[in-house]
Each structure stands twice: as C-alpha cells, then as structure tokens.
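>>> attaching a predicted model along with its sequence, questions to come.
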Amino acid sequence: MLHPSPSSSDTPDESNPEHAASYIYTYACHEDEYELCQLELRSLFTYRTSESTLYDRYLETNMAISPNRSPFIHYRIAVQYEANTLEQLEMIVQSIQLQEQTFKLMCLDAEQLFTYDEKRSIERQIGMNIRGKAQMKNPQIMLGITFANHRWVVGTCIASEPVWLHHNDKPKHYSTALSTRVARAVVNIAVPQPTGITMIDPCCGIGTVLIEALSMGIDIIGYDLNPLAVQGARENLSYYGMPDIVKIADMRELEGRYHALVLDLPYNLCSVLSSEERLDMLASSKRLGERILILATEPIEDSIEAVGLQVIEVCHIRKGKFVRYLFICQ
C-alpha cells in the first residue's frame with residue numbers, strides 16, 4: 001500500500017516506510033565535477049553495505065537516505081512495482097491503493113534518456129491505470145517511474161531540495177573559498193554517516209565547510225589563525241541560526257582526536273606556504289584526524305607521505321583550467 005512520501009530533511013532518512021525492494025537515486029553533474037560526484041556517491045552508499053550499484057545518471061541501492069544530502073542527487077524512487085514492459089506495468093499499477101489521496105506521476109531519466117514528449121506519453125499511459133485523482137500541483141503523493149537496470153519501476157518519489165544553494169546568501173564571502181556545492185560533497189566524503197562522528201576543520205576560513213556540516217547534523221568544530229576569518233565565519237553561522245563553533249587557533253597547537261578532518265590548504269597571494277609550514281600542517285592533520293581530506297591546488301603526494309600519511313584516493317575538482325586536488329588520506 002502506498003502512503004504519502006516522507007518529508008525530506010538534511011539528516012539521513014534510514015527508515016523504510018515504503019517497504020521498498022531498493023531505491024533508485026537519479027543524479028547529474030557538470031563534467032568538471034564528475035570525479036567529485038562519483039567519489040561522493042560511492043562514499044555515501046558504500047560505507048555500510050556493498051549492495052549498491054552506480055551507473056551513469058542513476059544509482060540503485062538498498063539504502064534510504066535523504067536526497068538532500070548530495071548536491072548531485074535530484075530524485076529518490078522507492079522501488080515498489082516493477083515489470084519488464086510498460087504493458088505489464090499497466091496491469092500491475094492497478095493494484096496501487098491511494099486511500100483517496102491525490103497523486104502525480106513523474107517520468108525520470110535513468111538507464112534511458114527520454115524526450116519531453118516521451119515522458120508525458122509514459123506518464124499518461126501508466127497514470128491512467130492508477131486508481132486515484134491525478135493532481136499536477138501539490139499532490140499528496142508523488143510517484144516516480146523510470147527504466148533502470150533493464151526493467152520499468154514505479155514507486156513513491158522524493159525530490160531533492162538544493163539546501164546548499166541557500167548557503168550562497170551568507171553575508172561574508174572569500175574569493176578562494178570552496179563553493180557550497182563542493183563543500184557539501186567534501187563533507188559527505190569525509191562523513192558518510194554522521195551518527196556519533198566528530199569532525200574538525202582546522203583552517204575553516206569563513207565557515208563554508210562548517211555550514212554544510214552543521215546543516216546535515218554533523219558534530220563539527222572549526223579553527224582559524226586569522227581573526228578576520230573567524231569573525232566572518234561567526235557572522236555566517238549566526239546568519240543561518242547556527243551555533244558559534246569557531247575559535248582562533250593555530251592548528252599546529254591544537255589537541256584532541258577527531259573521526260574526520262578537512263584541511264583546505266591556503267593558496268592565494270597572501271597565504272603562500274613554505275615547505276616547512278605545509279609539512280607542519282600536514283603532520284598536525286595526521287595527529288588530529290582519522291579520516292583526513294586535504295584540498296590543495298597542486299599535487300602534494302610527496303609531502304603527504306613524508307609526514308606518514310597514506311593517500312587512499314585522489315580526486316580532481318576542475319573549474320575551467322583551475323584544478324583543486326582532493327586527497328583522501330589515513
């Protein structure tokens with residue numbers, strides 16, 4: 001029996017009210033961020049299970065998380081009905097019980113790309129067999145239909161809300177800060193499952209990573225050596241009603257141990273690092289964090305390995321000719 005789809009949130013949705021056989025997540029990204037997108041999706045959906053398969057444009061898995069987590073995910077369909085052909089699916093969907101609730105059926109691209117007219121035709125063909133009142137605006141139930149993994153599927157559908165876009169409105173900006181989209185993906189790679197995880201951003205700047213982490217319920221703290229950066233981070237956090245979790249400190253003097261650490265190395269004309277300073281910062285990262293993500297504007301594998309860290313994977317984040325390197329270390 002179908003029920004209204006659960007409301008979306010930034011925190012993981014681990015419940016399974018739909019008793020779905022699996023979930024299909026549709027996603028898209030710019031070619032410059034393809035590596036980042038693929039790494040983020042692998043991180044989010046394989047931290048606890050291997051029953052996840054990543055294809056171009058969609059992912060099928062037995063895990064239910066909020067589509068809002070990823071800046072690349074667009075929709076989540078709970079697979080409840082499936083058939084080899086549309087004609088077979090016409091018969092199957094007649095058993096859907098909507099309890100007099102209104103519905104909308106949306107055809108999504110996955111294994112196949114459909115034209116606008118093809119999508120509307122599929123929606124009419126299947127939708128007319130669902131016993132209920134169709135409503136295009138504000139339906140009580142959103143249903144998704146797509147062709148994925150060599151069969152047609154139908155189920156309740158949740159659209160992603162681009163939460164990170166709202167974070168572009170923060171009052172303080174910095175030219176070299178990560179975009180909110182990249183920051184959110186980096187946080188997801190660092191912390192796929194927030195429950196019980198502690199995180200640190202020891203060079204937090206104006207707080208871009210902090211804001212994305214807090215919006216997903218992650219226990220994070222930030223530090224920066226620059227008082228003006230800390231002041232800017234506090235203003236940005238306050239703007240979104242978030243707690244003041246940032247302090248002035250040199251990361252080389254910090255103590256403690258955190259499950260995850262994100263270090264965005266300074267790189268503009270006012271923040272040129274000497275070899276010794278960079279090694280000190282990398283050594284501090286090794287001391288402070290277990291899962292360590294390092295962002296740099298050049299290949300620094302030799303420096304990373306020199307402080308005893310192991311590079312697990314390297315991801316390239318491009319913007320035109322400009323390249324950021326994301327190193328996943330332990």
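Ah, there it is.

>>> low pLDDT regions in the stretch 151-300 of the chain?
Applying pLDDT under 70 to the stretch 151-300 of the chain picks out residues 267-272.

>>> which residues in it form helices?
With helices called from DSSP state H, counting those that start in this stretch, the stretch 151-300 of the chain shows them at 163-166, 180-190, 208-215, 227-239, 275-288.

>>> need the nearest residue in space to Lys119, chain neighbours excluded.
Sequence neighbours aside, Cys107 is the residue nearest to Lys119 in space, at 4.0 Å (criterion: CB to CB, 6 or more residues apart in numbering). Placement of C-beta: from N, CA and C, glycine included.

>>> give the contact list for the one you found.
Phe114, Glu118, Lys119, Arg120, Ile122, Glu123, Gly144, Ile145, Thr146 (CB atoms under 8 Å, 6 or more residues apart in numbering).

>>> cool, and Pro202?
Per CB under 8 Å, 6+ apart, neighbours of Pro202: Gly222, Tyr223, Asp224, Ala249, Met251, Leu254, Leu261, Leu263, Ser284, Ser285, Leu288.

>>> now for those residues, which sits with the most neighbours around it?
Gly222 (28 neighbours; other CB atoms under 10 Å).

>>> tell me, how many residues neighbour the residue lying closest to it once chain neighbours are set aside?
Spatially, and ignoring its direct neighbours in sequence, Gly222 is nearest to Cys204 (3.3 Å; CB to CB, 6+ apart). Neighbours of Cys204 under the rule other CB under 10 Å: 29.

>>> which ones among the contacts of Cys107 map onto strands?
Among the contacts of Cys107, the residues falling in strands (DSSP state E) are Gly144, Ile145, Thr146.

>>> of these, which is the nearest to Leu89?
Leu89 lies nearest to Ile145 out of these, by CB to CB, at 7.9 Å.

>>> that closest one touches Ile130, doesn't it?
No. The criterion here is CB atoms under 8 Å, and Ile145 misses it with Ile130 at 10.3 Å.

>>> between these two, who's got more neighbours?
Ranked by neighbour count (other CB under 10 Å), Ile145 and Ile130 place Ile145 first, with 25 against 21.

>>> residues in contact with that one?
Ile77, Leu89, Leu105, Met106, Cys107, Leu108, Ile122, Glu123, Ile126, Trp152, Val153, Val154.

>>> residue contacts, the closest residue to Leu214 other than its chain neighbours?
Closest residue to Leu214 apart from its sequence neighbours, by CB to CB, 6+ apart: Met242 at 4.9 Å. Contacts for Met242 (CB under 8 Å, 6+ apart) come out as Leu210, Ile211, Leu214, Ser215.

>>> phi and psi next, for the residue nearest to Tyr223 when sequence neighbours are not counted.
The shortest distance from Tyr223 to any non-neighbouring residue, by CB to CB, 6+ apart, is to Ala249 (4.2 Å). Main-chain torsions, Ala249, degrees, to the nearest 10: phi -170, psi 150.

>>> now do Arg257
phi -140, psi 130.

>>> what about the residue lying closest to it once chain neighbours are set aside, distance to His30?
Distances taken as CB to CB, 6+ apart put Leu288 closest to Arg257, at 6.6 Å, once the chain neighbours are dropped. Distance of Leu288 to His30, given as CB to CB, to the nearest Å: 33 Å.

>>> and for Gln38?
Gln38 is 13 Å from His30, by CB to CB.

>>> with respect to Asn68, which of the contacts of Met242 is nearest?
Closest to Asn68, out of all of those and judged by CB to CB, is Ser215, at 8.9 Å.

>>> report pLDDT for the residue minimising distance to the centre of the chain.
The C-alpha lying nearest the average C-alpha coordinate of the chain belongs to Ser70 (CA atoms, centre = their mean; 2.0 Å). What the model reports as pLDDT for Ser70 is 97.

>>> with the one 5 residues further on instead?
Listed pLDDT for Tyr75 reads 98.

>>> could you look up the SS state of it?
When classified by DSSP: H, G, I helix; E, B strand; the rest coil, Tyr75 comes out as strand.

>>> which residues touch it?
Here Tyr75 is in contact with Tyr25, Thr26, Pro67, Met106, Leu108, Gly144, Cys157, Ile158, Ala159, Ser160 (criterion: CB under 8 Å, 6+ apart).

>>> tell me the secondary structure for the residue nearest to it when sequence neighbours are not counted?
Residue nearest to Tyr75 in three dimensions, not counting chain neighbours: Thr26, with 4.8 Å by CB to CB, 6+ apart. Put simply, Thr26 is strand when judged by three-state DSSP.

>>> next one: Thr26 relative to Ser274, how far apart?
From Thr26 to Ser274 the distance is 46 Å (CB to CB).

>>> which one of these two has more residues nearby?
In this view Thr26 and Ser274 are compared by other CB under 10 Å, and Thr26 has more residues nearby, 22 against 8.

>>> does the residue nearest to Tyr75 really touch Arg57, like I thought?
Yes. With contact defined as CB under 8 Å, Thr26 counts as touching Arg57 (6.3 Å).
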